[in-house]
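Engineer: Output the structure for:
(chains A, B, C, D, E and F, ligands or ions: 8)
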Amino acid sequence: MKQPDQKVETIQVEELIHRVHSFHDDGYRLVQISCAQEGDAFEVTYSFDKNLSISHIRIPATPENPIPSISKIYLASFVYENEIADLFGIPFSGIAIDYKGTFFRTSVPHPFGTSQITVVKKKPEEQHE
Amino acid sequence: MSYLQKSPWIIHYDASSCNGCDIEVLACLTPLYDVERFGILNTGNPKHADIFVITGGVNEINKEVVKNIYDQMPHPKVVVAVGICACSGGVFKECYNISGGVATVIPVDIYVPGCAARPESIIDGIVQALSILEQKRNSMKTGVEGTA
Amino acid sequence: MSKKIIVPFGPQHPVLPEPIHLDLVLEDERVIEAIPSIGYVHRGLEKLVEKRDYKDYVFISERICGICSFIHGATYCQAVEQVMGVEIPRRAEFLRAIWSEYSRMHSHLLWLGCFADSMGYENLFMDCWKVREKILDVLERTTGGRVIQGVNRVGGVSRDMDKEELNRIKSEIPGLRADYVELTRIFDEDLTVQSRTKGIGMLPKDTAWELGAVGPTIRGSGHAVDARMTGYGAYDELDFKPVVRTEGDCHARCMVRTGELFTSLDLIENAIDRIPEGDIIVPVKGNPSGEYYAQTEQPRGEVIHYVKANGKKNLLRHRVRTPTLANVPALVQMLAGCELADVPVIVLTIDPCIGCMER
Amino acid sequence: MALNVLKNLIKGPATIRYPYQPAKVTPVTRGHLVINIENCIFCGLCRMHCPADAIEVNKQERTWQLNQFQCIICGNCVSYCPKDCLSIKQTYLPPSASATYVTITGPEPETKENP
Amino acid sequence: MNPFLAAAVFIILAPVVGILITGLDRILTARMQGRVGPPVLQPWYDIRKLIQKKQVAVWGAQSFFIFCYLIFIIFTGALFFAGGDILLVIFAFTLAHVFLVLGAYVSFSPYAHIGAERELIQLMAVEPMIIIAAIGLYQVNDSFLIGEMADHPGMPILLLPGVFLGFIYILTFKLRKSPFDLATSHHAHQELVKGSTTEFSGRTLAMVELAHIYELVVMLGFIWLFFGANLILCALAIVVIMFLEILVDNCTSRVRWQDAMISAWFVTLVAGAGNIFALSIM
Amino acid sequence: MLSNVRYMELLIFLILFPLLIAGLITLIHGENFRRGAVICGAVLVGIASLFALMGSVTSHPIFYSVPVGIIGILIFIGDIAISGYIIFVSTKARQYLVTAITIIQLILLCAVEYLALSDHATIPELFLDQLSGIMAAIIGIIGGLICVYALGYMREYHTEHPERPDKRPQFFGIMFLFLSAMFGVVFSNNLLWLFFFWEITTLCSYLLIRYPETDEAIKNAFRALLFNLVGGACIPIAFIVIFLSHGSDLIGLHELVVAGPGIALIPAGLIGIAGLAKSAQFPFSSWLVGAMVAPTPVSALLHSSTMVKAGVYIIARFAPVFEGQLIGILIALIGGVTFLAASAIAISQSNAKKVLAYSTIANLGLIVACCGVGTAEALWAAILLIIFHAIAKSLLFLSVGTVEHQIHSRDIEDMTGLVTKMPRITMIILIGIAGMFLAPFGMLISKWASLHAFVESVPPFGILLVIIIAYGSGITAFFWAKWMGKLIAVGEPQQKDESHIPKSEKNILYILSALTIGVCFGFPIISWYLIEPWLQNIYQSVTELISLSNIEIMFMMLFLVLIMPFSLARFSRSASRVPRYLCGIPESRSTEFIGSCGITREIELSNYYLDKIFGEERLSRISVGIGIFLIVLILNIIIVGGGL
Ligand code: SF4
Ligand code: SF4
Ligand code: SF4
Ligand code: SF4
Ligand code: SF4
Ligand code: SF4
Ligand code: SF4
Ligand code: SF4
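Structural biologist: Residues are numbered from 1 along each chain as shown, chains lettered A, B, ... in the order given. Ligands and ions are numbered 1, 2, ... in the order given. This is a model prediction of the structure:
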């Protein structure tokens, strides 16, 4: 069955805290925060849910400018924010529980934040001894 | 047959698998497969274990953990890699965080294929491991320490 | 001098089927602080989407987790199908629902067993897993795999169930129901189980919502949050009522899961009665372009598969927000102030699925 | 619970005495992958679509190679093979002590001479 | 029987009896769980296997304490079956356990440490009842000597139903069975990994296992005292009690230590102490 | 063997000689002189007390009247002086309750003296029997050792705490004064004398507790004073009762006891209450815990091995009177409750000295319980307990003091892995602890004896006490064993360093450990030659107390325990070392691991304190309540009995 199309609203970073506050005050639940990279641009998407309907807001992001953490409003956001920080290298400021890069400890730093594909072909010869 | 073969105690560790193989390892303990028939106990403690049953392709932080568990097991000991992930890395072989098979970290004695490995396969694997265990004990007795 | 005990709990720990680590700070046996640390199962498989054909990637998405493997595959397909605007056959949606519910039962039984084991109730563990084998038999018989089914395809499913099989499944349901009644009775009424679960790991209604808990974790705290209520796939046509308990303790979460075993049986019966004839797969041509957040209900709660594509055969991004990740904040909340003996019990009541949590 | 326990005791164990008894299999069980090399045209489609990268096909040397310890027995290759020469058998591969267990199915020499 | 002979017989035969009982216990447990279970001699295989393993330890002193534990458990048992003073038997028993606890402490390993603490909590929970049982038996036999208790022509249990009940209750602690397997468990899946035995391996662990087996026989010896010279009834009682213990093991989850300790004390007080108090008034 | 007169000279020597030393030390300052005087004094006192002990062997009690009549007056003046001093200090410190009680006591005493003047007693003032001999040996030997130990200890104490006034001359003076008073207590037959010496011990205790001159110390010193005075005030009342009802002939200890329960019960009950206060039974126990602020030798001397023994000594003296009497049973119950509650509270303590304090209270409770029951067997157990406890407890106190100076903490948690840092001292502490609760060491023998004793006596109360011991022994095992565990649990081995410990301290500790083990081997001899004859005298017939076979078994056990350590070397070599199990987290032989958030954490393994169940405050409140209830009950019986 075809589901209805989803609308994602893009906003500016400055509006983020305000918008999240109003979601919180309206009794929304934080569903997730995700990040994606297209070319050199990153986008961070926040999803909220109430009464079985999901709303998404999206902000542009760069590895240079920290995004304000929303963990003061939704504590649960700390898992997503740490995750994005570790996998994409996008910094967040003021995470309530900040793992400082140890949430996902990866063999390459920020594997999703680099444009080259880090998938490497491994030979079966690479064995112990 | 030595007593080692009659009383193999295992420790199971999930070194970044998808769980499929783990639950099959667990299933081996349950009534339908009941490996305790062979004296096999799941000890959960490396210092008591003879057989290291390991699933998954060993990710970055698990390398140390796997080595640590292996080192804490007293000789003689064998490693059984359960599932394709543990054998070679499987579907995740090319993932950035996977080292690609348990053998890249510690020596493996038996490879159990399957995705997920079936309980019968796992039993077969452990039974095969027993004879290796016995060999290792013999070489230990004659003064040659087990590998690693 | 503080009278503290600092103990690492995990990653390798016999009560944990999967690696996760907690730094436990105890006083006597009371937990003062429990800080989790994860990443022991992080493989980075989402990155593979840039390498594999989006259709072949179904097999990888199934291996996000070996327990709710089927639902992962189905949700991924659903997301891609939505992006591509593919309408899959109704029969395929019904089949997906049936297998989903079987996965759910197998997962819940597995959980009930591990949960019993975490309290040192070995016999109950064995009983739960014994019943679970019956579910696995059905799955293997119909899909060819015990835990990894591998029947999802973009555009439908690869295997059908014939009339005879459907009837056979239906005829087995009363037997399963009797088993479930027996298990439920023990979990509900056994005194030692009650002493280990009632009033333990409290998650009040408000807190559960604030922390964004999902699945049985939040349903045990009185919120009817269940993605199946959105009516995705075949669920719009099936009679479905979420199981909700209000106590918010470990026992409530356990009872939600036992309750859902029955719901799943009802759903399967329902689906078998209403399943339409027809194709099970439609050919899918071309490459996807666009994005979609697919939301389904796994045994552990709502899962989100996000796909973003730009017209190539490799997707741009696949992102899975799994229920366990959403439940971690609630877990941290529940652990503070419990007893050491309760730690495994509480950790298990969110039914942690580290595999899918870390991908 | 006590009743349940006693019932178990009286009913006797549910255990399948594998290996003394045969393992459970169903007609659709995915055990391992086999090839009927006669029909293979070395098109490489199976290699392309294998999610585990378990297959190597060499058209020149006419080899089809499967790393059995990397194959996840998903059956994807089977569905892509244009000549239907791949199939999945119900028996699973036995465990083995060698690390790089690789099956190479040797080339079938050309029987027809090109003009 | 000559006390020295009896002690020697105990030292030699107890492992045989203990291993058979433990083996049957494991089979019965498996059957109750719908499984086949291991061979009867499995505990024997386990011990022999452990002896063949290479020894590893955090500190060598661990093995020393465990050796003491084993020696004193054997000493306790020998004293018991030689017909010694029951209170001395109990104190020697406590001494042995303190060695086990110290062995667990030595390694400074988190799980062994918590196991040791719990082992002590168990000791604290169990000790009152054992002493009260000894006193009750004294009241019936008018002697603290086990030798004389064993020759009691009647059945002490008739006068000591409460004490017997209490003793059975704490027997669960002693046999390390659910719901009171706090400190270490036969099963892997518990919050303390292997609790007090976590850091032991090889021969040391074998000594622990062997000591447990001796201990089992001593505990069964205590049950025997409740039936006096009536050997057949006593054997029957032991079978029934072991069966019940295994049944309870399989029908309960592990309780928290608070519940375990307080309930044990409560049962001791109500059933055990109440019983001997009533006897002293009579 | 010496003649009777010689013995009496010995007794007087034992009382007066320490007094002389005390005077010298107080007056002549100078480290070296003090050193010499203390050592000489201790050695002489020790030897003399041994003579006294030997003299008491096999012979009947020896009585001796001091030929100088004036001494009675002097003692009365002494009493007044003590009271005057106490009134002086207490008003100065605004401790008016203390003042009030002292005044009451003084008035009572004057009344007694008035009665005594009109009815002059003709009883022998001093006497020596086996119990006195044993007590004297404990006081002389252990007390002497503690004084010598204090030499080194106090020097370190003052280097550690430069802010506290250095009053060592007075300190040692009071210590010897105290010894003198203790000898006086155990040798006095005249109860008026006994009371005088009794009051001196109270005063010494007060002075020594406030030695550090901190606010807490002063507060606790007054608490000790108050409680001991409240108890002490019962003694003059007992005298009045004696004088009024039976005349001065019964003012002698021996005479009173022989007079039998019908006559002696009420005075015995009153004096028993004084004994309860002195031996820190509930509800009086808090003074002893507070006294732990004093320097450790004080704790060892006063509050574990000797002064509190004065309390149980006097109760033991009256034990035959208590046998089978309601008052005796109530006293025994107080002892039982104290044993249980104090042991339980000890679980929740991590301060080593507090643990020792509570365990002292508990053991005294057990002794009191035995005495209250009062049968020959119970008394036998009580005296063994007194002996074993005095030795093992002083050993523990002193070794904890030594450790305290080395690690600058008296917290048990800080003693983790002490075995690598101070292996010898640790061994000594282990011996001390084993002596406190493990078979086959001393306390356990006595526990065995008391169980044997209680089970038959005064049904059903005997059984009540048995039940209390049953619970108490599990509890005792818990807190001792966890302490032992702490000492031997080795995280990261520390540098071995025992060189800073003064030689004198070490030697004293060795001697005491040897004594601890020695009395275990020697207890049958003590029993045969000292205790049994004494009991024979009192109870006429004494059945076999401990069978030979049981002694053999205990020796076997002891032997096993002592040879076991020789196998240690073998075991420490045989195993290959691996790091401890940390759930797979690599540890690399240190006690650190990398935990969540990438933070390196140190493993910390504290013991359990089970505060929720065994919290100090809660349990104290309950047991003080029970204690007060029982005391009031005793007083009621006395009043009713006196009125009838
Ligand atoms: S880094 Fe510090 S504040 Fe952050 S979670 Fe860890 S312990 Fe807490
Ligand atoms: S790379 Fe292999 S072993 Fe690792 S997670 Fe993936 S499939 Fe499993
Ligand atoms: S082999 Fe397959 S089932 Fe097993 S862990 Fe790997 S992906 Fe999962
Ligand atoms: S919870 Fe996650 S890992 Fe588990 S089955 Fe569902 S999707 Fe798979
Ligand atoms: S929650 Fe666990 S079992 Fe379920 S899919 Fe995830 S990893 Fe697998
Ligand atoms: S079955 Fe799957 S994994 Fe195996 S070769 Fe074929 S496509 Fe690859
Ligand atoms: S797809 Fe079929 S025909 Fe092509 S190479 Fe593979 S096996 Fe051969
Ligand atoms: S250990 Fe503490 S109290 Fe004792 S002397 Fe040293 S600083 Fe003072």
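
Engineer: Near the residue nearest to C:Ile173 when sequence neighbours are not counted, how many residues? Count them for me, please.
Structural biologist: Counting by Cβ to Cβ, 6 or more residues apart in numbering or on different chains, C:Leu265 is the residue found nearest to C:Ile173 once chain neighbours are left out, at 5.5 Å. No exception for glycine: its C-beta is placed from N, CA and C like everyone else's. For C:Leu265, the count of nearby residues is 19 (other Cβ atoms under 10 Å in any protein chain shown).

Engineer: C:Leu265: what secondary structure?
Structural biologist: For C:Leu265, the assignment made with DSSP: H, G, I helix; E, B strand; the rest coil gives helix.

Engineer: Quick check: phi and psi on C:Arg321?
Structural biologist: Dihedral angles of C:Arg321 (phi, psi; degrees, to the nearest 10) stand at phi -100, psi 110.

Engineer: Across the sheet, point out what pairs with it.
Structural biologist: C:Ile304 (DSSP bridges).

Engineer: what sits against the residue nearest to C:Ile173?
Structural biologist: Contact partners of C:Leu265, counting by Cβ atoms under 8 Å, 6 or more residues apart in numbering or on different chains, are C:101, C:105, C:173, C:176-177, C:180.

Engineer: and which of those is nearest to F:Ala238?
Structural biologist: Sorting the contacts of C:Leu265 by how near they are to F:Ala238, with Cβ to Cβ, puts C:Tyr180 at the top with 77.5 Å.

Engineer: which residue packs closest to that closest one, ignoring adjacent ones?
Structural biologist: Among residues not flanking C:Tyr180 along the chain, C:Leu261 sits closest, at 4.8 Å (Cβ to Cβ, 6+ apart).

Engineer: which stretch of helix or strand covers the one you found?
Structural biologist: helix C:250-274 (DSSP states H and E).

Engineer: Buried ones in the helix or strand following that helix, by neighbour count?
Structural biologist: Using DSSP H and E, the helix or strand that follows helix C:250-274 in sequence is strand C:289-298. Across strand C:289-298, burial judged by 16 or more other Cβ atoms under 10 Å in any protein chain shown covers C:291-298.

Engineer: ok, and which of the residues you listed reach ligand 4?
Structural biologist: C:Gln298 (Cβ under 6 Å from any ligand atom).

Engineer: Now do the helix or strand bottoming out on mean pLDDT in chain B: everything it contacts.
Structural biologist: Least confident helix or strand, chain B: helix B:3-6 with a mean of 78, by mean pLDDT, DSSP states H and E. Contact partners of helix B:3-6, identified using Cβ under 8 Å, 6+ apart, comprise B:38-39, B:50, B:76, B:130-131, B:133-134, B:137, E:39, E:42, E:45, E:48-49, E:52-53.

Engineer: Roughly how far does the residue in the stretch 51-200 of chain E that ligand 1 sits nearest to sit from C:Asp23?
Structural biologist: Per Cβ to the nearest ligand atom, E:Pro110 is where the stretch 51-200 of chain E lies closest to ligand 1, at 18.5 Å. Per Cβ to Cβ, to the nearest Å, E:Pro110 is found 11 Å from C:Asp23.

Engineer: same check, this time on E:Leu50
Structural biologist: As judged by Cβ to Cβ, E:Leu50 and C:Asp23 stand 32 Å apart.

Engineer: The two - which one has more neighbours?
Structural biologist: Counted by other Cβ under 10 Å, E:Leu50 and C:Asp23 do not tie: E:Leu50 has more neighbours, with 27 against 21.

Engineer: separation between that one and ligand 7?
Structural biologist: 52 Å (Cβ to the nearest ligand atom, to the nearest Å).

Engineer: Relative to chain D, which of the buried residues of strand C:289-298 is nearest.
Structural biologist: Lowest distance from chain D to the buried residues of strand C:289-298 (Cβ to the nearest Cβ) belongs to C:Ala294, with 20.1 Å.

Engineer: Return the set of residues that bridge with the closest one.
Structural biologist: Applying DSSP bridges, one finds that C:Ala294 bridges with C:His305.

Engineer: what pLDDT does the residue of the stretch 51-200 of chain E closest to ligand 1 get?
Structural biologist: Predicted confidence (pLDDT) for E:Pro110: 84.

Engineer: ok, now which ones touch it?
Structural biologist: With Cβ under 8 Å, 6+ apart, E:Pro110 has these contacts: C:5-8, F:580, F:582, F:603, F:605.

Engineer: again with D:His49
Structural biologist: C:53, C:55-56, D:76-77, D:80.

Engineer: go with 6 Å
Structural biologist: D:His49 makes contacts with C:56, D:76, D:80, as judged by Cβ atoms under 6 Å, 6 or more residues apart in numbering or on different chains.

Engineer: With adjacent residues omitted, what lies nearest to the residue most central in space within chain D?
Structural biologist: The centre of chain D sits closest to D:His32, judged by Cα atoms, centre = their mean, with a distance of 1.7 Å. Nearest residue to D:His32, sequence neighbours excluded (Cβ to Cβ, 6+ apart): D:Leu93, at 4.6 Å.

Engineer: Quick check: that neighbour is in a helix.
Structural biologist: No: according to three-state DSSP, D:Leu93 belongs to no helix; its state is coil.

Engineer: give the contact list for the residue in chain A positioned nearest to ligand 5.
Structural biologist: Residue of chain A nearest ligand 5, by Cβ to the nearest ligand atom: A:Val79 (15.0 Å). Residues counted as contacts of A:Val79 (Cβ under 6 Å, 6+ apart) are C:325, C:328.

Engineer: All the strands of the chain, residue numbers only.
Structural biologist: All of this is about chain A. Applying DSSP state E to chain A gives strands spanning A:8-10, A:29-38, A:41-50, A:53-61, A:67-68, A:92-93.

Engineer: Actually, chain E is the one I wanted.
Structural biologist: Per DSSP E, chain E carries strands over the ranges E:56-57.

Engineer: Now do the helices in it.
Structural biologist: Using DSSP state H, the helices of chain E run over E:3-32, E:42-52, E:61-81, E:86-106, E:110-141, E:146-150, E:156-159, E:161-174, E:202-225, E:231-251, E:257-267, E:274-281.

Engineer: Output those as JSON lines; include the columns distance to F:Phe284.
Structural biologist: JSON lines is the format used below for the helices of chain E (distance: least, Cβ to Cβ, whole Å):
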{"stretch": "helix E:3-32", "distance to F:Phe284": "47"}
{"stretch": "helix E:42-52", "distance to F:Phe284": "55"}
{"stretch": "helix E:61-81", "distance to F:Phe284": "39"}
{"stretch": "helix E:86-106", "distance to F:Phe284": "31"}
{"stretch": "helix E:110-141", "distance to F:Phe284": "27"}
{"stretch": "helix E:146-150", "distance to F:Phe284": "41"}
{"stretch": "helix E:156-159", "distance to F:Phe284": "40"}
{"stretch": "helix E:161-174", "distance to F:Phe284": "35"}
{"stretch": "helix E:202-225", "distance to F:Phe284": "40"}
{"stretch": "helix E:231-251", "distance to F:Phe284": "46"}
{"stretch": "helix E:257-267", "distance to F:Phe284": "27"}
{"stretch": "helix E:274-281", "distance to F:Phe284": "29"}
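
Engineer: could I get the ones you listed as CSV with distance to ligand 4?
Structural biologist: Formatted as CSV, these follow (distance: least, Cβ to the nearest ligand atom, whole Å):
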stretch, distance to ligand 4
helix E:3-32, 30
helix E:42-52, 36
helix E:61-81, 41
helix E:86-106, 38
helix E:110-141, 29
helix E:146-150, 59
helix E:156-159, 55
helix E:161-174, 37
helix E:202-225, 37
helix E:231-251, 30
helix E:257-267, 33
helix E:274-281, 53
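
Engineer: Relative to F:Gly173, which of those helices is closest?
Structural biologist: That would be helix E:86-106 among the helices of chain E, by Cβ to Cβ, at 42.8 Å.
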